[in-house]
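Novice: Coordinates for the following, if possible.
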Amino acid sequence: MYQIDLITIGDLPRGSFQEIRADYQKFLGKYATINHRVIKDDVNLLARVNPDHFLVILEATGKNLTSEAFADVLKQKIDLGQSITFIIGGAHGLSPTIKQSAHLLLSLSAMTTTHDLAQLFLYEQLFRAFTIIQGTSYHK
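Specialist: Okay, here's the model as predicted:
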């Protein structure tokens, strides 16, 4: 089973957001194991990242990818046997040092959104990417 680590700074989504996240975790379960860790700040953040993983940091100024291009990145890492760690920063972003450690800075949108929505958007795009890779229709 493919391994994806997700580190978010702040809190897990609450209320309806939590229910939707749980649904996507269930949908993703047939493709990957998602290890979602929540931390309070980015102190010693890089020490918490597996150095063998491909590191993707979600960043407003990062690269914009279509869902198909995102699926291509994911498939390349799967084919190489390389797991991925995604990091979603807190309200004040991440330090330049942490950003420089990323293999890919990825923007979910040019628009600013809430932390809860960013997490759900990433979960949805991961699910979509796996359905693209598998050539299956997008069903929940």
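Novice: and the longest strand for this structure?
Specialist: Looking across the chain with DSSP state E, the single longest strand is strand 54-64.
Novice: burial count for the nearest residue to Ala60 once chain neighbours are set aside?
Specialist: Nearest residue to Ala60, sequence neighbours excluded (CB to CB, 6 or more residues apart in numbering): Ser107, at 5.8 Å. For the C-beta atoms, the positions are set from N, CA and C on the backbone; glycine is no exception. Other residues lying near Ser107 total 14 when counted by other CB atoms under 10 Å.
Novice: Who are the contact partners of the most centrally placed residue in the chain?
Specialist: Centroid check for the chain by CA atoms, centre = their mean gives Phe86 as the closest residue, at 4.1 Å. By CB atoms under 8 Å, 6 or more residues apart in numbering, the residues touching Phe86 are Ile4, Asp5, Leu6, Ile7, Val56, Ile57, Leu58, Leu122.
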